[in-house]
Structure formats: C-alpha cells, structure tokens
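Asker: What follows is a predicted protein model with its sequence.
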Amino acid sequence: MKLNLNAVNSLAESFEKIGYLPANAKQYFSKMADDGFVFSKQLAAADSIHLHIKVADVDELPHTYIRRKGGEPQNAKEGYIKYAFADGYNFIFSSIPVSQEEKAGLVSPEFPYLDHIGIDIRNESDEAYAIYNEIPSLAGLKEWTVVKQGGGGKKVYCCHVQVNEKYWVYPPDSIYWEFAFGNLIVSDTVFGCDLRPANPALGLPEQNTQGCCGTDENTSNHTSEKAGTNSENSYYTCL
C-alpha cells in the first residue's frame, strides 16, 4: 500500500478532536510517507497499517462518533476494539495489558498513548515473505533491536485471531514497529494470547502472561488446547 498522507492525517484529526489521538502519532505518518522510510518496501507490500492506542477504558470511547466517521468495529473484546477504515487504515484501542511492559507496570501514566504502529503483510506469496524477511537486516543497518514472534509453524495469537508470525522492531527513543505476516484468521472461539514482547534493552524477566481475553482460567485453557503453547511462557498481543 502507499500511504496517503492527506487521507490518514484527515482521519487522525477526527480522533484528535475528541482527545483520542496521541500527540506523537502524526510525526510517524510523515515518516512512513517519506521515500526514505527504512521500511518503505515492506509498507508497499502491506495490505493495511494500524495504530495501537492505549486508553483508560475502551467502553468510554465515543463509539457512535467513530462509526459515523467510517470506522467498522472488528474483533471487539472486553477492553479491546479495532476500528477498520477505508484504504487499510486501522485504529486499535485497548485498556487491557497487551505487552510485557504493562504486565511489569512499566507504562505511561497518561492516556492516550501510542503503543506501536503495525504494518500488516497479508499476502503469503514467496515474494512477499522474502520482503518481510528483509526486516532484520534493515533494522540491523540502524542498529535497532528485532524480536521475532512465531514462525516455523508456530502461530501468533490474540484472543480469537491469529497470524503466521511477526517481527517487532525497537528503535531507541521511538515507538515500536510491528510487522505481521500472513492472513488474519478469525475464530468464533478463543485461540489464545501472545503478549507483545518487551524491548530486550529493558532486561525484563520471563513472566506469566495469562489474563487476556477473559478470565485467567479461560485464557489458560484456550491457549494450551487451541494454540498448543505453554501458557506459563506465552505472550499475548492484539492485532
């Protein structure tokens, strides 16, 4: 996809007017629209992008207003909702923990804030996968840390959706970048939960990350039975 800066800024202004656009969001739109954007090739191969915005309470969002602006609610769960807009621009809002930092209590005290920007490559062709797998080397040129999630047949889960795998990129003094590869598969039941990995520079220990998508008991059962992962060491991240 090619980022239409005017279109995405206009959409962003709709959220800015109601106080739900993080102050730093627009600067990243400008970066992505620039021809020199380090991940411009991956963006060109993407079907959509998303902003994952943390809010105090998803239930308090002006949902009617967002729908009037063209947002289609998707994948809604308690404390989580995704609004899909035309041309592949998606805004995700959550008030449940979606990262290891949140589980460790290392979060911004002020809402809203931007947790990450995601670039979603849904095309599963060999060419698209090769472009996706250039991410570590591109990040390496900048000396940015990269963490891979999933891959090798292990899927990445968030509640009732899954993708094949992800790369997470951690530039210093910046928001984090998520690159998801593979079709977004939605289930009528819960697959399981995978937390966004913390920036390795933080040195956080391994954590028990149960508690997404309902009760701890339900999450643990679904994660172990449907996702085939160890719930004691799994992460959860919302797409």
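Answerer: That came through, no problem.
Asker: Tell me the helices and strands packed up against the strand ranked longest in the chain.
Answerer: Longest strand in the chain by number of residues, with DSSP state E as the criterion: strand 113-121. Applying 3 or more C-beta pairs under 8 Å, 6 or more residues apart in numbering; DSSP states H and E, one finds that strand 113-121 contacts helix 25-33, helix 40-45, strand 48-54, helix 126-132, strand 176-181. For glycine as for every other residue, the C-beta is placed from the backbone atoms N, C-alpha and C.
Asker: Single out the most deeply packed of these.
Answerer: Highest mean neighbour count among the helices and strands packed on strand 113-121 (mean count of other C-beta atoms under 10 Å): strand 176-181, with a mean of 24.
Asker: C-terminal to it, what's the next element?
Answerer: Once the chain leaves strand 176-181, the next helix or strand it forms, by DSSP states H and E, is strand 185-186.
Asker: quick one: strands adjacent to that following strand?
Answerer: strand 161-163 (antiparallel) (DSSP bridges).
Asker: All the helices of the chain, in order from the start?
Answerer: Listed in chain order, the helices of the chain (DSSP state H) span 5-17, 25-33, 40-45, 63-68, 100-103, 126-132, 135-141, 216-222.
Asker: Tell me where the protein is predicted with low confidence.
Answerer: Across the chain, the ranges flagged by pLDDT under 70 are 159, 188-192, 206-239.
Asker: Could you rerun that using 90?
Answerer: 75-78, 80, 96-100, 102-110, 157-161, 184-196, 204-239 (pLDDT under 90).
Asker: Am I right that Gln100 is in contact with Pro205?
Answerer: No - Gln100 is beyond contact range of Pro205, at 9.5 Å (criterion: C-beta atoms under 8 Å).
Asker: buried sites along stretch 193-202?
Answerer: 193-199 (16 or more other C-beta atoms under 10 Å).
Asker: First-to-last residue distance for it?
Answerer: 22 Å (C-alpha to C-alpha, to the nearest Å).
Asker: Can you give the distance of it from its chain's centre?
Answerer: For stretch 193-202, the separation from the chain centroid amounts to 12 Å (computed by C-alpha atoms, centre = their mean, to the nearest Å).
Asker: and what of stretch 106-119?
Answerer: 11 Å.
Asker: Span of that stretch from start to end?
Answerer: Stretch 106-119 has its terminal residues 24 Å apart, counting by C-alpha to C-alpha.
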